[in-house]
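Student: just to be clear, the model below is a prediction. Sequence and coordinates:
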Amino acid sequence: MKANAKKIAAVPSAFAGRVDAIDWAATEGELDAQGCAVLKRLLTADECRALAALYPDDTRFRSRIVMGRHGFGRGEYKYFSYPLPGLIAELRPALYARLTGIANRWNQTMGIDIRYPLAHEAFLKRCHEAGQVRPTPLLLRYGAGDYNCLHQDLYGEHVFPLQVAILLSEPGRDFTGGEFVLTEQRPRMQSRPEVVPLAQGDAVAFAVHHRPVQGTRGFYRVNLRHGVSRIRSGHRHTVGVIFHDAK
């Protein structure tokens with residue numbers, strides 16, 4: 001366990017450069033069109049295994065949630081405590097900085113007055129001043145038969161409208177089933193589902209709550225929820241990177 005912790009802490013400074021190297025123009029287009037976008041090979045296989053190996057170490061986490069006890073589905077997850085593992089601590093602000101422009105444009109389009117500062121530290125200060133001081137990045141673990149019901153990760157008054165989930169396990173080898181699912185509830189229409197295939201180390205950026213959609217009479221707001229379909233076999237680990245903290 002200590003070896004894995006050291007491995008994560010020794011994150012190269014080039015990691016932020018890996019985030020910058022993503023085709024953000026294409027990512028923005030996918031988020032506008034679908035409400036989600038895949039970030040290919042965000043983490044290496046070694047980084048994925050090292051993060052997943054943290055799950056048994058309770059000293060890394062502030063709380064453990066067993067989904068079945070709360071009607072959330074089946075499986076469990078743990079919220080990291082501060083300080084976050086080095087990899088996540090670097091990843092969170094790097095991704096936030098790239099998503100802020102999209103978040104601000106979406107709010108402007110939807111007539112929402114809230115704007116987000118470029119630096120994640122400044123946004124966290126806003127959260128903490130409002131009493132949202134508990135870290136929200138989390139590590140999820142699923143086994144055969146487990147699933148995650150459709151939901152939204154809101155946690156308080158201050159909500160950043162985009163978040164990222166990273167698949168740490170390898171589909172077909174570590175588990176089967178367990179697809180990431182996004183649903184979009186459109187006014188006066190049936191809900192639209194989106195199943196997002198991911199490989200180990202891939203991330204999906206997606207809307208937390210709502211997003212703007214172009215209609216014949218201008219933009220309108222749609223509501224989104226996300227979840228994970230039933231695991232058919234094996235075990236699946238995922239990291240969730242949420243940019244606002246919780247009350």
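Tutor: Received, thanks.

Student: any stretches of the chain with poor pLDDT?
Tutor: Within the chain, the stretches with pLDDT under 70 are 1-14.

Student: longest strand in it, by residue count?
Tutor: If you go by DSSP state E, the chain has its longest strand at strand 218-228.

Student: where is the longest helix in the chain?
Tutor: helix 86-109 (DSSP state H).

Student: gap between that helix and the chain center?
Tutor: 11 Å (Cα atoms, centre = their mean, to the nearest Å).

Student: next: stretch 85-104.
Tutor: That offset, for stretch 85-104, works out to 11 Å (Cα atoms, centre = their mean).

Student: kindly report the same for stretch 47-54.
Tutor: That offset, for stretch 47-54, works out to 16 Å (Cα atoms, centre = their mean).

Student: got the contact list for Q185?
Tutor: The neighbours of Q185, taking Cβ atoms under 8 Å, 6 or more residues apart in numbering as the test, are 191, 222-225. From N, CA and C alone the C-beta is placed, and that goes for glycine too.

Student: at 10 Å instead, please
Tutor: Contact partners of Q185, counting by Cβ atoms under 10 Å, 6 or more residues apart in numbering, are 150, 191-192, 210, 222-225.

Student: can you check R141 too?
Tutor: Counting by Cβ under 10 Å, 6+ apart, R141 touches 52, 55-56, 64, 75-78, 168-169, 235-238.

Student: check S81 too.
Tutor: Per Cβ under 10 Å, 6+ apart, neighbours of S81: 58-63, 134-135, 137.

Student: which residue is the nearest non-sequential neighbour of the most centrally placed residue in the chain?
Tutor: A centroid search over the chain (Cα atoms, centre = their mean) returns V164, at 2.7 Å, as the residue closest to the centre. Spatial nearest neighbour of V164, chain neighbours left out: V241 (4.3 Å); criterion: Cβ to Cβ, 6 or more residues apart in numbering.

Student: burial count for that neighbour?
Tutor: 21 (other Cβ atoms under 10 Å).

Student: is it true that it touches L140?
Tutor: No: V241 is beyond contact range of L140, at 11.8 Å (criterion: Cβ atoms under 10 Å).

Student: my guess is L150 meets S191, correct?
Tutor: Yes: using Cβ under 10 Å, L150 makes contact with S191 at a distance of 9.5 Å.

Student: follow-up on the earlier one: can you list the buried residues in the longest helix of the chain?
Tutor: By neighbour count with 16 or more other Cβ atoms under 10 Å, helix 86-109 contains the buried residues 86-100, 102-104, 106-107, 109.

Student: now stretch 141-159
Tutor: 141-142, 144, 146-148, 150, 153, 155-156, 158-159.

Student: and if you look at stretch 115-128?
Tutor: With the criterion 16+ other Cβ under 10 Å, stretch 115-128 contains buried residues 116, 120, 123-124, 126-127.

Student: number of nearby residues for the residue lying closest to H244 once chain neighbours are set aside?
Tutor: Closest residue in space to H244, ignoring its immediate chain neighbours: F160 at 4.8 Å, by Cβ to Cβ, 6+ apart. If you count neighbours by other Cβ under 10 Å, F160 ends up with 23.

Student: quick one: contacts for F160?
Tutor: Contact partners of F160, counting by Cβ under 10 Å, 6+ apart, are 96, 99-100, 103, 114, 116, 120, 123-124, 127, 136, 153, 208-209, 242-245.

Student: so which of these are in helices?
Tutor: 96, 99-100, 103, 120, 123-124, 127.

Student: columns distance to R18 on top of these, output as JSON lines?
Tutor: Shown next, in JSON lines, are those (distance: Cβ to Cβ, whole Å):
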{"residue": "Y96", "distance to R18": "15"}
{"residue": "L99", "distance to R18": "15"}
{"residue": "T100", "distance to R18": "18"}
{"residue": "A103", "distance to R18": "21"}
{"residue": "H120", "distance to R18": "17"}
{"residue": "F123", "distance to R18": "22"}
{"residue": "L124", "distance to R18": "22"}
{"residue": "C127", "distance to R18": "26"}
